[in-house]
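# attaching a predicted model along with its sequence, questions to come.
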Number of protein chains: 2
Amino acid sequence: MTSTPTVYDVAERAGVSIATVSRVYRNPDAVRAATREKVLTVARDLGYVPSGSARGLASRTTGVLGLCFPDFHDTEAEHAADAEDGELVLYSDQVIRGMERAARRHGYALLVSAAHADQANRQLAEVAGRVDGLAVLAQAVSEEDLGVVGRRQPVVLLAGERHSGYDHVEVANFDGQLELTRHLIVDHGLRRLAFAGGPADSPDGEARFRGFQAAHLEAGLPLPKEPDTRGDLTQTAGRKAALELLDRDRPLPDGLMFANDQMAVGALLALEARGVRVPDDIVVTGFDGIPLSRLVRPALTTVRQPTGRLGEVAVELLIARLQGRERPATVRVLPVTLNRRASCGCTPESTV
Amino acid sequence: MTSTPTVYDVAERAGVSIATVSRVYRNPDAVRAATREKVLTVARDLGYVPSGSARGLASRTTGVLGLCFPDFHDTEAEHAADAEDGELVLYSDQVIRGMERAARRHGYALLVSAAHADQANRQLAEVAGRVDGLAVLAQAVSEEDLGVVGRRQPVVLLAGERHSGYDHVEVANFDGQLELTRHLIVDHGLRRLAFAGGPADSPDGEARFRGFQAAHLEAGLPLPKEPDTRGDLTQTAGRKAALELLDRDRPLPDGLMFANDQMAVGALLALEARGVRVPDDIVVTGFDGIPLSRLVRPALTTVRQPTGRLGEVAVELLIARLQGRERPATVRVLPVTLNRRASCGCTPESTV
DNA sequence: GCGCTGTACGTAAGCGCATACATGACCTTG
DNA sequence: CAAGGTCATGTATGCGCTTACGTACAGCGC
C-alpha cells in the first residue's frame, strides 16, 4: 500500500491542473469529454479515490447523515449468542434500513452509532462532527448534548419524547392502542382487559396505555389508572407478565394487551405452557407489527407501525432542512394499522 | 443556525491558541487541568463540535469503518409495506449490528451503504473515500472496483466468493450442511432427500449443496448432481419449491432440505396448507438459524451461523491491518452449530 | 483588423484541524 | 546564579480538496 494518490498525482499524470481533476468528479459537464476520459483513465490506473475528508472540509458538507440509536443489549450479547436476540433489535434495524434507503435515494450515506450510555456525549460529538444531519432514535442522547449538536446541524428525533425546537417523528401510539382496544371491546364484546405496559419512562409505552384508557372511557367502562403490570418489553418480560396476571386476577381477564409484540409473544408461549388457549380462553394482543407477530401461532393481533417509514421520514425532514427551507420544528405522526389475526379470535388459527 | 464555531472561535474566547484547543480533545493530558476546563466550558457555550472532515484531513484517518451490502428488495419495499419484508434483511442487519458493536468497541463508527447495482462503483468510492477500512458483504461490489479500493485501504470480504489477495470471512457452509444432512441420514435413517438450492451464482448456497452431496458420498448413497430445484432464497421461493417437489417426486422424498431458513419457512407454510405433516410425513430443514426458525411451528431444524460474528471478525481483521501488522490475506471460517428441532423430528412440536 | 462573448482550463486561496517545532516560564542542580 | 531540563503553550505548516476568479483562445460580427 503505497501512499494513496491525490488530485495532484492524477493531475500531473493527466497533464491537467488539480482544478480540472476536481471538476471531473464534481461537475463533469464543465470539462471537455476528451479531458474527462483522460482524467478518469489515469485515476483508475492510479487507484485514485477522492478523500471524503478533504472534500468535506472544502465543501463544508459531508454527504452523510447520522443515526444514533440506543443499544439495548450489549451485555446480553455475550451469553446469548444463540438465544433470542435479533428480535428486539429488529426495531432499530428497520429504522436503520429505512433511513439507509432514503438517504441513498437522496445521495447521502448513513453513519450509524449505538449510544452506549457511559460515553454517549463523546460519541454523539464523534458522529455529529461527521454528518450533515442527525437522527436520534428513542432519546438515545441527553437533552443537553442535543442542545450542543442542534445548534450546529439539523437534528430530528424519532419516537420517544418530544422536545420543543426539534423535528420529531413518531407513530400514532395512542390512536393505535385506542383502536385496538376498541376492537376488543366493541367487536368482540370483551369487558375485562388487562394491560401489560413497558417501563414507566417509555413515552411510547405510556402513550399506548393512554389509548387503552381512552377506549375504556369511550365505552363507559371503569378507567384503569395504571397498567396492570409492567415489563421491559422483552419476551421474557412478557412471559413473566402473563404468568403474574394469570395468577393474580381471578376470574381471568377476557384479554391481555401488551405494550409491544415481544412481550405478547412471550406471553403466548407462557400461556401455551400453562394450557391456556388463545383466543378461546383469553385474547392476546401486541403492538408494533414485527414480522414475527405474523408467524407465531396463533398469529398475533397487533398494531402495525411503519418502522421503516420512521427512518424515511427522518431523512425527508433532514434533507428539507439542509436545503435551507426555514420552517418551525415539525412533528410528524405516522399512521398505524390494525392487524386483526388469530390471537383475538378474528381469524381461524390455521390461516397464514 | 449561525455559522458553526471552529477551533479559532473557541481559542479566542478561551484566550488560548488553537493548538491548545485541539490538544484538549486529542491529547487532554498535555494540557493543564484548569486550561482544559476553561476550553471545554467555552466549547460547550459556543456549541463547538470538532469537524470530522478537518480532523480526517489533518490526521489522515477518519475513525470510521464502512460496510457495503447488497440491497435485495428496494423495489418490493414499495408494494410490500406490510408484507414479509424484514426477514431476508435480517441477515445483513445482523452483520451491521455485529460490525457496529465491534467497531464501537474499537473506537470506530460505522458507515453503511447498500450497493444498488446501477451505480455501485460510484457509491463504493463514495464510501471508500470516507473510511479507514471497508467490509464488503456478499460480493456487493465488482472485482474491478475492489481493485481500486483495495490498494487504498484494508478491505475484507464477507461471505460470497473468495478473492485472492483479500481477507475473507465466511461461515462453514459446507461443514454445516454436511453435518445436517448426515444427521438426517444417520440419526433419522432417511434415504431420499431433496435439496432446494439458491441461485447458482450464490457461493454460499453452492457450498451448502456440496455439503449435501458429501453426506451422500459418505453414506454410500447415490450422489445428487444438482439441487432438485432452486429458488431466490425468499419465503415465496421456498413455498414454490416445496409445491414443485411435492408434485414432482413420487413417492415423496423423506426430507426437504433448503438452502436457507427463509425458503424452509415458506415451505412449512405451503406444506401446512397442503395438509402434509412435518415431520411425520416429511422432514424439513433450513440453514442460517434466523430467529424466526425457532418460532415457526414446527420449529425448524437448521444450522445456525454466527451472523453477528461475521461483522465482528470483519472489524478485527480491519483493525489488525490498520494497526499495520503486515500479513498475508487471511481466510477465517466461522464454525456453525446444528440446531435440532421439531421439523426433523428431534423435538416434540410443542417445545419452545 | 478590432472588440466582444463564451468555453475550457489554470491559479490560488482557503476549509478546520493536527502536529512538529519553537518559545518561555519555572524548576533543578552544582 | 548560570546551565540544563521539564512542562505548558504558541507558531506555522500542510493535509487534499472546492471554488471564485483569472486567463487564453476560438469564434463571431462589424
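Looks like it came in fine. Numbers count the residues shown, from 1 in each chain, chains lettered A, B, ... in the order given.
# which residue ranges of the stretch 251-352 of chain A form strands?
Assigned by DSSP state E, counting those that start in this stretch, the strands in the stretch 251-352 of chain A fall at A:255-258, A:283-285, A:302-304, A:331-334, A:337-339.
# comparing the ones you listed, which comes out most buried?
strand A:255-258 (a mean of 30; mean count of other Cβ atoms under 10 Å in any protein chain shown). No exception for glycine: its C-beta is placed from N, CA and C like everyone else's.
# sorry, back to before: I'd like the strands of the stretch 251-352 of chain A as CSV, with mean pLDDT appended.
Shown next, in CSV, are those (pLDDT from 0 to 100):
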stretch, mean pLDDT
strand A:255-258, 97
strand A:283-285, 97
strand A:302-304, 96
strand A:331-334, 96
strand A:337-339, 96
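# quick one: which of those strands is nearest DNA strand D?
Across the strands of the stretch 251-352 of chain A, DNA strand D has its closest neighbour in strand A:331-334 (30.7 Å, Cβ to the nearest atom of the strand).
# name the helices or strands packed onto that closest one?
Helices and strands touching strand A:331-334, as assessed by 3 or more Cβ pairs under 8 Å, 6 or more residues apart in numbering or on different chains; DSSP states H and E, comprise strand A:167-171, helix A:307-322.
# what lines up beside the first one in the sheet?
Okay, so that is strand A:167-171. strand A:155-158 (parallel), strand A:331-334 (parallel) (DSSP bridges).
# with just CA atoms, put the first one into CSV.
Taking C-alpha atoms only, strand A:155-158 is exported to CSV below (Å, rounded to 0.1, in the frame of the first residue of the first chain):
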residue,chain,number,x,y,z
VAL,A,155,-31.5,17.1,14.2
VAL,A,156,-34.6,15.0,14.1
LEU,A,157,-35.9,13.0,17.0
LEU,A,158,-37.5,9.6,16.3
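# from the chain's centre, how far out does that strand sit?
Offset of strand A:155-158 from its chain centre (Cα atoms, centre = their mean, to the nearest Å): 11 Å.
# over to the last one?
Distance of strand A:331-334 from the chain centroid (Cα atoms, centre = their mean) equals 14 Å.
# how about residues contacting it?
Identification of contacts with strand A:331-334 by Cβ atoms under 8 Å, 6 or more residues apart in numbering or on different chains yields A:162, A:167-172, A:305-306, A:309-310, A:313, A:317.
# could you find the closest non-adjacent residue to the residue in the stretch 101-250 of chain A that DNA strand C sits nearest to?
Closest to DNA strand C within the stretch 101-250 of chain A is A:Gly129: 7.3 Å, counting by Cβ to the nearest atom of the strand. In space, and not counting its chain neighbours, A:Gly129 is closest to B:Gly52: 3.9 Å by Cβ to Cβ, 6 or more residues apart in numbering or on different chains.
# what's near enough to touch A:Gln139?
A:70, A:157, A:160-161.
# likewise A:Leu46?
Counting by Cβ under 8 Å, 6+ apart, A:Leu46 touches A:5, A:9-10, A:13.
# mind listing the helices for chain A?
A:7-14, A:18-26, A:33-46, A:52-59, A:76-79, A:90-105, A:120-128, A:143-150, A:173-182, A:203-219, A:235-248, A:261-274, A:291-295, A:307-322 (DSSP state H).
# any chance of the ones you listed in a markdown table, plus mean pLDDT?
Below are the helices of chain A laid out as a markdown table (pLDDT from 0 to 100):
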| stretch | mean pLDDT |
| --- | --- |
| helix A:7-14 | 95 |
| helix A:18-26 | 95 |
| helix A:33-46 | 94 |
| helix A:52-59 | 96 |
| helix A:76-79 | 37 |
| helix A:90-105 | 88 |
| helix A:120-128 | 83 |
| helix A:143-150 | 86 |
| helix A:173-182 | 97 |
| helix A:203-219 | 96 |
| helix A:235-248 | 93 |
| helix A:261-274 | 93 |
| helix A:291-295 | 80 |
| helix A:307-322 | 94 |
